[in-house]
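Colleague: next comes the sequence, and after it the predicted model I'd like to discuss.
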Amino acid sequence: MTETIDLLIKYFQGYQWLILFAVVYAYSIFKAKKGGRISILVGTVLFFVFIYNDFIYEWMSQLVESGVYYRFLWIIPVTIWIAYGLVMIFLDLEKWWLRIPFVLAALACMFLMDHTWLEPDRGTWSRPENVSLIPGEVLDISDVLTDEHPYGEKIRCVLPLGMSMQLRCVDASVECVIPRRDYLKMNGQSTRPYKQKELAFMIEKNERPDVSRLKKLLDDTETDVIVAYSDYSQGDYLRQADCELIKKTGAYEVYRVK
């Protein structure tokens, strides 16, 4: 159960939130009517059987991408449940003098369990560039890709990891040639075999295969566009592989694969 417990602590961002959620959960069962109590208990059993279970995790990791199933945790309304439970406990306290220490304890939890208000270096805080909360360069590249392919059609791109995650928030038609697990493997966070190792190391580590090999990789993967780091100065190399520069931003260069 070690992996499951570690996963829960990461999900709750600390054992304090996990304990607080457990208290609210227990009180919810105590206060619920018979039908509601049964529903909560049945749901809990199903979660422990299919999600909070290392054996199921190991088995499922043989069938699908390991480490992805944690997204099921998001269906638990943790924040809403904790807030609702604390208000419910507060209202159930019949004595007004009991509510005072309860409120003080709740406020202490709020400040002690969230350290952002203690952040000493306010200079690290910044105002978002736009309402999309996406860097302006990403939006510029998204506009270029929109011009490169008809609306609604997929466009296959070789992208740095950070760019791929941000760009798909803006344009869901972008298909990443390099799968995410290759980046995780590169960083030692996955044991799964590479699918596009050479392209991954070229775009992230500037390790360049022969031009003829690169052409074959781009052809085999049906790549339409390459977004490369400007700092790597891969322009001449990519042009030899029949790639055409169509956009240059501060940190990235966008190439069309002919």
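Modeller: Okay, I see it. Numbers count the residues shown, from 1 in each chain.
Colleague: domain ranges for this protein?
Modeller: Here the domain parsing of the chain from automatic domain parsing is 2-118, 136-257.
Colleague: and the ones you listed, which one is worst for confidence?
Modeller: The minimum mean pLDDT among those belongs to domain 2-118 (a mean of 80).
Colleague: picking that back up, pick the most buried one from the domains of the chain.
Modeller: Ranked by mean neighbour count under mean count of other Cβ atoms under 10 Å, the domains of the chain are led by domain 136-257, which reaches a mean of 17. Every residue, glycine included, has its C-beta placed from N, CA and C.
Colleague: that one: end-to-end distance?
Modeller: 24 Å (Cα to Cα, to the nearest Å).
Colleague: thinking again about what came up before, quick one, which of the domains of the chain is nearest to Asn130?
Modeller: Nearest to Asn130, of all these, is domain 136-257, at 6.7 Å by Cβ to Cβ.
Colleague: which parts of the stretch 151-258 of the chain are helices?
Modeller: Ranges of helices within the stretch 151-258 of the chain are 161-170, 180-186, 197-205, 211-220, 235-240, based on DSSP state H, counting those that start in this stretch.
Colleague: can you tell me which of the ones you listed is nearest to Met110?
Modeller: Nearest of the helices of the stretch 151-258 of the chain (Cβ to Cβ): helix 161-170, 29.9 Å.
Colleague: relative to helix 197-205, how tilted is the closest one?
Modeller: Helix 161-170 runs at 100 degrees relative to helix 197-205, counting by axes from the mean of the first three to the mean of the last three Cα atoms, to 10 degrees.
Colleague: for helix 161-170, name the packing helices and strands.
Modeller: helix 136-148, strand 174-176, helix 180-186 (3 or more Cβ pairs under 8 Å, 6 or more residues apart in numbering; DSSP states H and E).
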